[in-house]
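1. structure here, sequence nowhere to be found:
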C-alpha cells in the first residue's frame, strides 16, 4: 500500500473531482463511509479508496468519515485493512449530481463484506428539526419501530433503511429483530441527523451504533440550538462572547464543549465567569483543526485558538472515556466545517 499524507490526498481528490464535476456542468455528490468491517483477531482499521485514490486512512471501527465531494457518475469504492491489503472489498457506486450518500461497510474480510449504500438526499433533517435514518444490517426484517412507544415504522427489510422525525426532547427508539426487542435512548440534539445502524452481535442480540451530524456550520449550529437540546446551556454562554463570529465557515475547527449538566452545575455553584472572561475560557476549548474521532488519537496534544497546549489521554482512564485535560470526551457531532465533542467538564489550563 502506498501511503500519502491525508491532507494532500484529500486536496488532490477535491481538485480532481470538483474540476470534473464543474466541467460536466453538474454539482458534485456528497459521500461518507461508516466503518463496521474487520478482520478477526487482526484489525478493524481500514483505508478507503475511491477509484485509484486513497481518500481516508486509519478509519477505525465503528467510526464514520466526514462527507467529501465527489463528481457525479460511476466510481469504485474499495476498503482494505491497514497493512493487510489482501483483506479488501469493493463495490461500484453510481452517484447523482447534488445527492448525498452514506455507505456502510459491514462484515468480516475473512468471509464477506457488505456495502449498504443510502441515498439520503431527501432524508436528512431540515434546518428546524432532527431525524434518524435507521439501517437494518441484520438478516431479517426489523418490525414495530417506535419513538417513545408511538408507532414509527412498521418494517425495515434486511439491508434496507427507513426514516423517522425525532422530537425535540429525549426520545427512546425501539424495535424488534425477530422476537428480540431492542431500544436506545437518544439525547435531544437540535438540527441533527442520526445515522443509526442495527446489526446482530455473535450472540444474536441486536447492537445499535449511531453517528450524529448536521449540514450546518459550527456557528450556525450553535446559534440555532433550541431550549432543552444538548449544548443549549453552553450555546447561551457562547452568545455572550464574540467567539462564534471568529469561526469562519471556510475554515475547520474542533470544539470541546461542556454538556448541559456541567454548565448547570457551574451555575448552581456560581462558578460561571463574567462575560469578559468567558471568551478567554472557551478559546481554550477550540482548536483550528478538523479532528473527527478516527483522527483524534493521532493528536495527543493540541494547540488551542487561545495558544494554550492541551493534552488528551487515550489510554486507561478512571472515567473509561478518552479525556482532555481530565474531562471525559463523551461523544461527537460532525458539522459542515468541523466537529463538536461533548465533554463532562471544563478545560482549565490555569490549573
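-> In hand now; what should we look at? Nothing here was measured: the structure is a model prediction, and the numbers come from that model.

2. please count neighbours and contacts with C-alpha atoms only from this point.
-> Noted.

3. how many neighbouring residues does residue 203 have?
-> Using other CA atoms under 10 Å, residue 203 has 6 other residues around it.

4. my error: substitute residue 51 in the last question.
-> 14.

5. shouldn't it be in contact with residue 75?
-> Yes: at 5.9 Å, residue 51 counts as touching residue 75 under the criterion of CA atoms under 8 Å.

6. how close does residue 69 sit to residue 26?
-> Separation of residue 69 from residue 26 (CA to CA, to the nearest Å): 12 Å.

7. settle it for me: which of those two has more neighbours?
-> In this view residue 69 and residue 26 are compared by other CA under 10 Å, and residue 69 has more residues nearby, 19 against 15.

8. which residue packs closest to that one, ignoring adjacent ones?
-> Ranked by CA to CA, 6 or more residues apart in numbering and with sequence neighbours excluded, the top spatial neighbour of residue 69 is residue 30, at 4.7 Å.

9. poorly predicted segments of the chain, please.
-> Within the chain, the segments meeting pLDDT under 70 span 1-25, 124-128, 349-351.

10. note down every partner strand of the lengthiest strand in it and its orientation.
-> Identified as the longest strand of the chain according to DSSP state E is strand 84-95. Next to strand 84-95 in the sheet, as set by DSSP bridges, lie strand 73-81 (antiparallel).

11. residues near residue 58, how many?
-> Other residues close to residue 58 by other CA under 10 Å number 16.

12. what helix or strand is it located in?
-> Assigned by DSSP states H and E, residue 58 falls within strand 53-60.

13. does the helix or strand just after that strand pack against any helices or strands, and if so which?
-> Next along the chain after strand 53-60, taking DSSP H and E as the criterion, comes strand 68-70. Applying 3 or more CA pairs under 8 Å, 6 or more residues apart in numbering; DSSP states H and E, we find strand 68-70 packed against helix 6-23, strand 29-38.

14. 10 Å instead?
-> Judged by 3 or more CA pairs under 10 Å, 6 or more residues apart in numbering; DSSP states H and E, the packing partners of strand 68-70 are helix 6-23, strand 29-38, strand 100-108.

15. direction included, what does it pair up with?
-> Strand pairing for strand 68-70, using DSSP bridges, gives strand 29-38 (antiparallel).

16. check which element follows the strand it pairs with along the chain.
-> strand 45-50.

17. which residues are in contact with that following strand?
-> Here strand 45-50 makes contact (CA atoms under 10 Å, 6 or more residues apart in numbering) with 1, 3, 13, 33, 35-39, 54-63, 65, 70, 75-85, 87-88, 90-93, 294.

18. residue contacts, residue 316?
-> Counted by CA under 10 Å, 6+ apart, residue 316 has contacts 322-323.

19. just read off the phi/psi values of it.
-> Dihedral pair for residue 316: phi -70, psi 130, per degrees, to the nearest 10.

20. which residue is the nearest non-sequential neighbour of residue 332?
-> residue 341 (4.2 Å).

21. what pairs with that neighbour across the strands?
-> Under DSSP bridges, the beta-bridge partners of residue 341 are residue 256, residue 332.

22. circling back: identify the contacts common to residue 51 and residue 75.
-> Counting by CA under 10 Å, 6+ apart, the contacts common to residue 51 and residue 75 are residue 92.

23. could you break the protein into its assigned domains?
-> 1-120, 123-214, 218-343 (automatic domain parsing).

24. for residue 101, grab the count of nearby residues.
-> For residue 101, using other CA under 10 Å, the count is 21.

25. and it, how far from residue 148?
-> From residue 101 over to residue 148 the distance is 28 Å, taken as CA to CA.

26. picking that back up, isn't the residue nearest to residue 69 up against residue 94?
-> No: contact criterion CA atoms under 10 Å: residue 30 and residue 94 do not qualify, at 12.0 Å.

27. tell me which of the two has more neighbours.
-> residue 30 (22 against 11).
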